[in-house]
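[1] no sequence on this one, just coordinates:
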Ligand code: URA
């Protein structure tokens, strides 16, 4: 087989066979295809697409291009959740121990933040001592003991995806749906899961800014997962404004802990957590319906079982479980600055993307992968869409360690805040649930 022939085939909008897809994924992983040919093929896919059978084959071959987590022998079902990412979306930190407290096995492989979006691994590393780079036998031992482990992908997991993702970034092909779907699912497939719940975000702070695109993306993710024998549901959730009350690494750990302690002051975060948890339990066969799953999750929060599982997870991964009882032990920024409403009115919008950029200016995120983070930096949002404000009210408190960063972030935060004379219609956080055969 010649790579050139496959580029021409895709250029002519023809479908690849499973064998051809295997050749492409292997050539990407082992370096036998030069970057210029891979880039050219990626552009042909971006322009002409891939059908479900091709996307399923691509996902399978990218997963097979490296090593898999070998979790066979562990009790089942093994379930993970994947979010397409956003601002203030630290839901995984509460969800993983919650689902484990319900009896599921949750190998949760997470990523790092880049640009305006945060990453679960960075948030977890805000907990003093918490380790995310764990060898397979440690992950397995922890899953056997407490049913939950949150960890980073190993270097040899889906190497074809790593290669292609870097090239997509440099060739304007990141947005191609079959490439997005195979990239996300190949890493999940390599985890040896029974089921997967997908949180597909839509809105200003999301990867899919437009709702219609998020829905098409969610459908493609569910169809491809099913083609791979992986039970899947996709929950489309709003990311027009940041989720919850906090943005920032240590602050989002605090948000998760507060919710697990029964705090209800972040209703959008709680709703997201309960709906995702309900679906994890449903797909895992622990309950008959997602509503029943939601009720079970509420009970596990009320009884303190989910909170206790969080503390166990922290202890197992080398972290200090005291963070759950005393937020003073979490990293803190050295300074803070209140942001005040410039006039009276109603909050009509709070752009998640712009708030994410404000958090970046405070040091809570990274513009480039090699940037350092200030774990204590971030934002506490006092007012969100729908709230009434009076001129001079504190709408947010910014935490950071540089005076200029705080000043610039305050300016940016005010850009995110849209005030109007009349109350806004508040979008429900869950927009749609896709689960074809549930
Ligand atoms: N996340 C991924 O892992 N891959 C993509 O292509 C997009 C989001």
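    The structure has been received and is ready for your questions. Being a predicted model, the structure only gives us computed values, none of them experimental.

[2] Residue 107 contacts residue 80, correct?
    Yes: using CB atoms under 8 Å, residue 107 makes contact with residue 80 at a distance of 6.2 Å. C-betas here are computed from N, CA, C, even on glycine.

[3] Overlap of the contact sets of the two?
    Jointly contacting residue 107 and residue 80 under the rule CB atoms under 8 Å, 6 or more residues apart in numbering are 191, 193.

[4] per-residue confidence at residue 437?
    Listed pLDDT for residue 437 reads 63.

[5] so residue 79 is in which element?
    strand 79-83 (DSSP states H and E).

[6] just the angle between the helix or strand following that strand and strand 79-83, please?
    The helix or strand immediately downstream of strand 79-83 is helix 91-101, counting by DSSP H and E. Put simply, helix 91-101 runs at 170 degrees to strand 79-83, going by axes from the mean of the first three to the mean of the last three CA atoms, to 10 degrees.

[7] tell me the contacts of the spatially most central residue of the chain?
    The residue lying closest to the centre of the chain (CA atoms, centre = their mean) is residue 83, at 3.2 Å. For residue 83, the contacting residues are 89, 91, 92, 198, 199, 201, by CB under 8 Å, 6+ apart.

[8] what's around residue 311, how many residues?
    18 (other CB atoms under 10 Å).

[9] That one contacts residue 320, doesn't it?
    No: using CB under 8 Å, residue 311 is not in contact with residue 320, being 10.0 Å away.

[10] So the residue in the chain positioned nearest to the ligand, which state does it fall into?
    Going by CB to the nearest ligand atom, the ligand is nearest to residue 183 of the chain, at 3.4 Å. Using DSSP: H, G, I helix; E, B strand; the rest coil as the criterion, the local structure at residue 183 reads helix.

[11] Now do residue 312, the pLDDT please.
    Reading off the model, residue 312 has pLDDT 98.

[12] next SSE after the host helix or strand of it?
    Secondary structure from DSSP H and E places residue 312 in helix 305-316. Next in sequence after helix 305-316, counting helices and strands by DSSP H and E, comes strand 335-340.

[13] Can you tell me the strand partners of that next one and which way each runs?
    strand 394-400 (antiparallel) (DSSP bridges).

[14] Buried residues of whichever helix or strand comes after the strand it pairs with, list them for me.
    On the C-terminal side of strand 394-400, the closest following helix or strand by DSSP H and E is helix 403-416. Neighbour-count burial for helix 403-416 flags 405, 406, 408, 409, 410, 412, 413, 414, 416 (criterion: 16 or more other CB atoms under 10 Å).

[15] and the angle for helix 403-416 with strand 394-400?
    Using the same axes, to 10 degrees, helix 403-416 lies at 150 degrees relative to strand 394-400.

[16] which parts of the very next helix or strand once past helix 403-416 are buried?
    Remark: after helix 403-416, the chain's next helix or strand is strand 417-420, criterion DSSP H and E. For strand 417-420, burial by neighbour count (16+ other CB under 10 Å) applies to 417, 418, 419.

[17] which strands and helices sit next to the helix or strand bottoming out on mean pLDDT in the chain?
    Using mean pLDDT, DSSP states H and E, helix 159-171 stands out as the lowest-scoring helix or strand of the chain, at a mean of 91. Where contact means 3 or more CB pairs under 8 Å, 6 or more residues apart in numbering; DSSP states H and E, helix 159-171 is packed against helix 18-30, helix 35-48, helix 52-64, helix 177-189.

[18] gap between that helix and the chain center?
    Remark: helix 159-171 is offset 19 Å from the chain centroid, using CA atoms, centre = their mean, to the nearest Å.

[19] ok, now stretch 34-45?
    28 Å.

[20] Not counting its own residues, what contacts that stretch?
    3-4, 6-7, 10-11, 24, 27-28, 163-164, 167-168, 170-173, 176, 178-179.

[21] Pull out the buried members of those residues.
    Applying 16+ other CB under 10 Å to the contacts of stretch 34-45 flags 3, 6-7, 10, 24, 27-28, 163-164, 167-168, 171, 173, 176, 178-179 as buried.
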